[in-house]
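# below is the structure, and that's it, no one-letter string:
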């Protein structure tokens, strides 16, 4: 399992199909999982990494833990990415709706963040970037404290 870095702007075709950016695909391999993330994006993991996450969730949660809702969201919304012969895939409607990737949305953004990638509607990503830019001083201070 490799690491993915960078920002990749893509489009969805008229049938709702999209492609994983080549650099992310070469880092993660052929088998990938997608699930709900936070702040309105989707997380994409190499399948091996996702299985590690699933195992940790099962190990750390009791059957009546209040965090079961988080486990249900992460594991219950998971979907294996199955590409067609041309390397395209389609998200289930529940994931598209969660991420704001509706039928009217054509522009999407993939963000490589190490062992996962995020999938955003371009509009949501733009809003998120604006929010992060407003917190750049705070982020820089936290990075400095961490020795980075």
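All right, it came through fine. If you're wondering where the values come from, they're calculated on a predicted model, not measured in any experiment. Numbers count the residues shown, from 1 in each chain.
# could you list the low-confidence segments of this protein?
1, 61-67, 135-140, 143, 148 (pLDDT under 70).
# strands of that one, residue ranges please.
Using DSSP state E, the strands of the chain run over 4-11, 17-19, 32-36, 42-46, 79-80, 88-90, 107-114, 116-121.
# could you dump these to a markdown table with distance to residue 97?
Any C-beta I mention is one placed from the backbone N, CA and C, and that applies to glycine too. Shown next, in a markdown table, are the strands of the chain (distance: least, CB to CB, whole Å):
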| stretch | distance to residue 97 |
| --- | --- |
| strand 4-11 | 19 |
| strand 17-19 | 15 |
| strand 32-36 | 10 |
| strand 42-46 | 11 |
| strand 79-80 | 13 |
| strand 88-90 | 14 |
| strand 107-114 | 14 |
| strand 116-121 | 11 |
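# tabulate those in CSV, adding columns for mean neighbour count and distance to residue 73.
Below are those laid out as CSV (neighbours: other CB atoms under 10 Å; distance: least, CB to CB, whole Å):
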stretch, mean neighbour count, distance to residue 73
strand 4-11, 15, 23
strand 17-19, 18, 22
strand 32-36, 22, 6
strand 42-46, 23, 11
strand 79-80, 14, 13
strand 88-90, 17, 21
strand 107-114, 19, 19
strand 116-121, 24, 16
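# out of the ones you listed, which gets nearest to residue 58?
Ranking the strands of the chain by proximity to residue 58 (CB to CB) places strand 32-36 first, at 15.0 Å.
# for the closest residue to residue 3 other than its chain neighbours, list the residues it contacts.
In this structure, residue 3 finds its nearest non-sequential neighbour in residue 114, 4.9 Å apart by CB to CB, 6 or more residues apart in numbering. Going by CB atoms under 8 Å, 6 or more residues apart in numbering, residue 114 touches 3-5.
# what is the nearest of those to residue 99?
Taking the contacts of residue 114 together and measuring to residue 99 by CB to CB, the closest member is residue 4, at 17.8 Å.
# does residue 43 touch residue 117 like I think?
Yes: Residue 43 lies in contact with residue 117 (CB atoms under 8 Å); the separation is 7.5 Å.
# okay, now residue 26: neighbour count?
Around residue 26 there are 12 other residues, counting by other CB atoms under 10 Å.
# so what's it closest to, chain neighbours aside?
Counting by CB to CB, 6+ apart, the residue nearest residue 26 is residue 2, at 7.5 Å.
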